[in-house]
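A.B. asks: here are the coordinates; sequence isn't available:
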């Protein structure tokens, strides 16, 4: 049986590249990656599968409607997995309009391109088509009581320009389902971590700063609580939703691993003390530095992922302990290659040959 044809927007990013690697390694499906290759897009994150004849790359802005129409008409996807987004909260505070452009206007442009393509399909192809929008638990705001959890029915209460832009995109996706009949699905996930994570995010920043002898910045007292999801577990969940999920439904995806930020940083320090001890014999914990908290910082996120487990049979394979060890080991193994090239910017000056495949 011929495999499916899947467009993955943002497929050179952290989560997107994990999805692409999962599909190419574990299925017979063909993938067309659409990525603008902004600072967080890195084709080196796809190097492990770059030689696959089932992988094709298009450097394209999701706000470019003509370009999207061309790719849809040429590639003829069965599924769209829409991950392309601006995603860093601090950057959204410094420059919110780019987040509105990419996350809101870009998603609307993707929906219209998908709707135009969907209308050209016969009934059998329409029954197979899915538009899967990948979002975040940050659209729900934060939680107060220790027993509270984000559920698919939790009202939206975004706190930052980033989460507000993602909330807007979620609403657009659901509106295109109800108004135009486009078969859409939404997933909202907790904090991801793992290999190929851009170093501005907490876990890779702490690992690399520790190794470089730099301060390990922690907002406030580090009491903010996040549910941590290993990125490869997330990739498996996303593919499962895209291929077996029900149009019109929302699925929350979490790692069942709530940790305070300070606990995460201290765990990394303990692992580095074991795996790559400081030359002076002292603990990396001495590099922890508390800094002024950022505006509007949510205190606690926690996902109730019971629905995806109950209805689709997914559960995470990694505990936080196993996943964070794998993550630290990966950064140690790739410090002088992938990490160095991201940190010095050379990754953005050299591109792998991924064009013109899987046509």
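C.D. replies: Nice, thanks for sending it over. Just so it is clear, the model here is predicted, and its values are computed rather than measured.

A.B. asks: buried set for the lowest-mean-pLDDT helix or strand in the chain?
C.D. replies: Least confident helix or strand, the chain: helix 89-94 with a mean of 83, by mean pLDDT, DSSP states H and E. For helix 89-94, the neighbour count (16 or more other CB atoms under 10 Å) marks 89, 91, 92 as buried. No exception for glycine: its C-beta is placed from N, CA and C like everyone else's.

A.B. asks: and it, how far out from the chain middle?
C.D. replies: In terms of CA atoms, centre = their mean, to the nearest Å, the centre of helix 89-94 is found 17 Å from the chain centre.

A.B. asks: what's in contact with that helix?
C.D. replies: 86, 98-99, 138, 160-163, 165, 200, 294-296 (CB atoms under 8 Å, 6 or more residues apart in numbering).

A.B. asks: narrow the residues you listed to those in helices?
C.D. replies: Among those, the members found in helices (DSSP state H) are 98, 99, 161, 162, 163, 165.

A.B. asks: so what's the second one scoring on pLDDT?
C.D. replies: The reference is to residue 99. On pLDDT, residue 99 comes in at 94.

A.B. asks: what mean pLDDT does stretch 62-78 get?
C.D. replies: 98.

A.B. asks: flag every buried residue along that stretch.
C.D. replies: By neighbour count on 16+ other CB under 10 Å, the buried set for stretch 62-78 is 62, 63, 64, 67, 68, 71, 72, 75, 77, 78.

A.B. asks: between these, which is closest to residue 3?
C.D. replies: residue 78 (9.1 Å; CB to CB).

A.B. asks: could you find the closest non-adjacent residue to that closest one?
C.D. replies: Once flanking residues are discounted, residue 78 sits nearest to residue 4: 4.5 Å by CB to CB, 6 or more residues apart in numbering.

A.B. asks: list the contacts for residue 277?
C.D. replies: No contacts exist for residue 277 under CB under 8 Å, 6+ apart.

A.B. asks: what does residue 103 show for phi and psi?
C.D. replies: phi -80, psi -30 (degrees, to the nearest 10).

A.B. asks: that one contacts residue 169, correct?
C.D. replies: Yes - counting by CB atoms under 8 Å, residue 103 touches residue 169, with 5.1 Å between them.

A.B. asks: so what sits against both of those two?
C.D. replies: Shared contacts of residue 103 and residue 169, counting by CB under 8 Å, 6+ apart, come down to residue 85.

A.B. asks: between the two, which has more neighbouring residues?
C.D. replies: residue 103 (28 against 25; other CB atoms under 10 Å).

A.B. asks: re earlier: of all the buried residues of stretch 62-78, which comes closest to residue 145?
C.D. replies: residue 62 (37.9 Å).

A.B. asks: nearest residue to that closest one in space, please, no chain neighbours.
C.D. replies: residue 106 (3.9 Å).

A.B. asks: okay, that neighbour: pLDDT?
C.D. replies: The model reports residue 106 with a pLDDT of 98.

A.B. asks: and it, what helix or strand is that in?
C.D. replies: If you go by DSSP states H and E, residue 106 is part of helix 106-118.

A.B. asks: against residue 14, how distant is residue 21?
C.D. replies: 11 Å (CB to CB, to the nearest Å).

A.B. asks: before we move on, what about residue 221?
C.D. replies: 27 Å.

A.B. asks: on that earlier part again, can you read off the pLDDT for the residue nearest to residue 78?
C.D. replies: 98.

A.B. asks: now swap in the one 10 residues further on and tell me
C.D. replies: Residue 14 is assigned a predicted lDDT (pLDDT) of 95.

A.B. asks: now do the contacts for the residue lying closest to it once chain neighbours are set aside.
C.D. replies: For residue 14, ignoring the flanking residues on the chain, the nearest one in space by CB to CB, 6+ apart is residue 197 at 5.1 Å. Counting by CB under 8 Å, 6+ apart, residue 197 touches 14, 203, 204, 231, 327.

A.B. asks: can you name the residues bridging to the closest residue to residue 114 other than its chain neighbours?
C.D. replies: Nearest non-adjacent residue to residue 114, counting by CB to CB, 6+ apart: residue 131, 5.1 Å away. Under DSSP bridges, the beta-bridge partners of residue 131 are residue 80, residue 184.

A.B. asks: what's the local residue count around residue 131?
C.D. replies: Neighbours of residue 131 using other CB under 10 Å come to 26.

A.B. asks: for residue 274, same thing?
C.D. replies: Residue 274 has 10 nearby residues by other CB under 10 Å.

A.B. asks: what is the subsequent helix or strand relative to the host helix or strand of it?
C.D. replies: According to DSSP H and E, residue 274 maps onto helix 261-275. Sequence order places strand 288-291 as the next helix or strand after helix 261-275, per DSSP H and E.

A.B. asks: which of the residues in that next one are buried?
C.D. replies: residue 288.

A.B. asks: just checking, what packs against it?
C.D. replies: With contacts taken as 3 or more CB pairs under 8 Å, 6 or more residues apart in numbering; DSSP states H and E, strand 288-291 sits against strand 216-219, helix 261-275.
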